[in-house]
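1. heads up, no residue letters with this:
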């Protein structure tokens, strides 16, 4: 009886593994453009835009920021997109979505840090959603930002903004913890891969492109 139970458990485990693999390979949507995270440490990318859009949607936030080190250099070719394809874009698919409550002044400081090393690659270079930022690439030192808006409206220093991000960044990654307090963080429990897959599934067809969210002048 004990032997039967062990074999039965192994069979169930194998069946679950097969089901999980099938679910990962199943198409969740399509893309009409190539999606890549390559170059995210120094410029806007299609992979960065897609991920930031997915975080913003998942958290129902006004904007989103995601550090370049959350993205791989993988490319998803236009066509059908599976969960496995999306997973290939992520350094840590199990990281979770969090929300920051930031003033406009804090948000500007965050983005100053993001572009501070440009044109050198920086793990903390931020891909964004709902945000348009222009900066003076020729200027040495801060402030470099010449224009910053959220959803087309210039940022107001004292206004609070809901900004989606990843938990690793919210809780101290890459030095950004200096720019907000623990009380500014609203934790979540949605894994980033789940947020990304849900976004693509809901959109059915995505078409991320480099569109001038981050502009070096």
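-> Sure, I can see it. Just so you know, these numbers come straight off a predicted model, no measurement behind them. Residues are numbered from 1 along each chain as shown.

2. residue ranges for the helices of the protein, please.
-> For the chain, the helices defined by DSSP state H occupy 2-25, 46-59, 83-88, 104-115, 167-170, 192-203.

3. by mean pLDDT, show me the worst of those.
-> Note on the helices of the chain: helix 2-25 shows the lowest mean pLDDT, a mean of 54.

4. now do the contacts for the closest residue in space to residue 124 that isn't next to it in sequence.
-> Spatial nearest neighbour of residue 124, chain neighbours left out: residue 174 (3.7 Å); criterion: CB to CB, 6 or more residues apart in numbering. To be clear about C-beta, it is placed using only N, CA and C from the backbone, and glycine gets the same treatment. For residue 174, the contact set (CB atoms under 8 Å, 6 or more residues apart in numbering) comprises 67, 69, 123, 124.

5. would you quantify the distance from residue 174 to residue 114?
-> Separation of residue 174 from residue 114 (CB to CB, to the nearest Å): 10 Å.

6. common neighbours of the two, please.
-> residue 124.

7. now the contacts of residue 174: which count as buried?
-> Applying 16 or more other CB atoms under 10 Å to these, the neighbour count classes 67, 69, 124 as buried.

8. now, those that are in strands?
-> With strands identified by DSSP state E, the entries of those that belong to them are residue 67.

9. nearest to residue 134 among the buried ones among the contacts of residue 174?
-> Ranked by distance to residue 134 (CB to CB), the buried ones among the contacts of residue 174 are led by residue 124 at 18.9 Å.

10. surely that closest one meets residue 113?
-> Yes: here residue 124 reaches residue 113: they are 6.6 Å apart, a contact under CB atoms under 8 Å.
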